[in-house]
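Asks: sequence and computational prediction follow.
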Amino acid sequence: MTVLVGVISQKGGVSKSTLARLIAREYAAAGWDVKIADLDISQGTSTDWKQRREVNNIQPQIAVEQFRTVAQALKHADVYDIVILDGAPHSTQSSLEIARASDLVVLPTGLSLDDLKPSVLLAHELVNAKIATDKIIFVLCRVGDRENEIEEARSYIRKAGYDTVAGSIPEKTAYRQASDNGRALSEVTFPTLKQRAEQVVQGIIDLLSEQEE
Ligand SMILES: Nc1ncnc2c1ncn2[C@@H]1O[C@H](COP(=O)(O)OP(=O)(O)OP(=O)(O)O)[C@@H](O)[C@H]1O
Ligand SMILES: [Mg+2]
């Protein structure tokens with residue numbers, strides 16, 4: 001059975017594609033046959049990232065393909081061990097379709113109320129549409145260096161009824177540069193940043209392997 005992971009948000013630029021690539025990279029490095037389904041047809045940023053990755057000859061190679069619809073992505077999914085559905089912003093309908101198809105739905109969010117509120121509202125919409133709450137996981141992204149701000153955001157999400165993965169992804173130039181060079185967040189050279197990316201993705205991997213048991 002192909003494992004399906006959806007990465008979605010209502011807002012743009014919250015790190016969906018960044019997380020999709022991180023998850024894809026870790027599974028690819030573990031020898032899984034991985035594909036990122038880039039559903040952001042108007043931007044295709046993960047498709048561009050894959051080209052930068054190829055130009056810079058970064059291993060392991062990661063397959064990325066653009067799909068116009070979730071249904072089309074699913075039609076091509078069964079030859080892979082895992083497919084990461086990299087969602088488009090501002091499309092509740094497509095987000096819902098991704099969530100329905102996915103074994104785990106990853107919701108990246110920033111720490112401000114402007115980010116948290118729409119993220120929680122999207123999760124509520126998923127639950128209203130009968131998506132199981134334990135399939136939904138939040139990831140705190142583009143965080144600053146104030147631990148209390150991070151914990152407040154975590155508790156906001158918990159109070160709304162959802163879990164966050166342990167750890168968080170800080171906003172860092174090194175991550176941006178890595179991405180510009182076709183690398184995933186876990187492929188940065190700074191050990192602390194590499195560790196933070198690995199902690200977050202390990203939380204996602206653990207949830208997926210718990211489901212398989
Ligand atoms: N932790 C971070 N530190 C620095 N830059 C980041 C970080 N996370 C994301 N970025 C940068 O922010 C931009 C938006 O990130 P990304 O493309 O992952 O978001 P997205 O949610 O997929 O956006 P969209 O809604 O447009 O698809 C990218 O240029 C990315 O490199
Ligand atoms: Mg994107």
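Replies: It's in. Ligands and ions are numbered 1, 2, ... in the order given.
Asks: could you give the mean pLDDT of stretch 195-213?
Replies: For stretch 195-213, mean pLDDT rounds to 95.
Asks: now stretch 70-88
Replies: 96.
Asks: ok, now stretch 140-153?
Replies: 98.
Asks: what residues of that stretch count as buried?
Replies: Neighbour counts over stretch 140-153 (16 or more other C-beta atoms under 10 Å) mark Leu140, Cys141, Arg142, Val143, Ile150, Ala153 as buried. Yep, even glycine has a C-beta here, placed from its N, CA and C like the rest.
Asks: in helices only, show me those residues.
Replies: Under the assignment DSSP state H, the buried residues of stretch 140-153 contribute Ile150, Ala153 to helices.
Asks: mind putting the buried residues of stretch 140-153 in CSV, distance to ligand 2 included?
Replies: Listed next are the buried residues of stretch 140-153 as CSV, based on distance: C-beta to the ion, whole Å:
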residue, distance to ligand 2
Leu140, 17
Cys141, 12
Arg142, 13
Val143, 19
Ile150, 23
Ala153, 21
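Asks: closest one to Asn128 out of the buried residues of stretch 140-153, please.
Replies: Ala153 (22.8 Å; C-beta to C-beta).
Asks: surely Ile137 is within a strand?
Replies: Yes. Under DSSP: H, G, I helix; E, B strand; the rest coil, Ile137 sits within a strand.
Asks: Tyr162 versus that one, what's the distance?
Replies: 8 Å (C-beta to C-beta, to the nearest Å).
Asks: just confirm yes or no for the helix ranked longest in the chain near ligand 1.
Replies: For the chain, the longest helix by residue count, based on DSSP H, is helix 191-212. No. Residues of helix 191-212 contacting ligand 1 under C-beta under 6 Å from any ligand atom: none, with a closest distance of 8.9 Å.
Asks: would you mind listing what in the chain touches ligand 2?
Replies: Counting by C-beta under 5 Å from the ion, the residues of the chain close to ligand 2 are Lys16, Ser17, Asp40.
Asks: what sits against the first one?
Replies: Going back to what we said before, that points to Lys16. Val7, Ile8, Ser9, Asp86, Gly87, Pro89, Pro108 (C-beta atoms under 8 Å, 6 or more residues apart in numbering).
Asks: now, which of those residues lie within strands?
Replies: Val7, Asp86, Pro108 (DSSP state E).
Asks: can you tell me which of these is closest to Gly44?
Replies: Asp86 (9.9 Å).
Asks: relative to Leu185, how far out is the spatially closest residue to the closest one that is not a sequence neighbour?
Replies: Nearest non-adjacent residue to Asp86, counting by C-beta to C-beta, 6 or more residues apart in numbering: Ala20, 3.9 Å away. Separation of Ala20 from Leu185 (C-beta to C-beta) stands at 11 Å.
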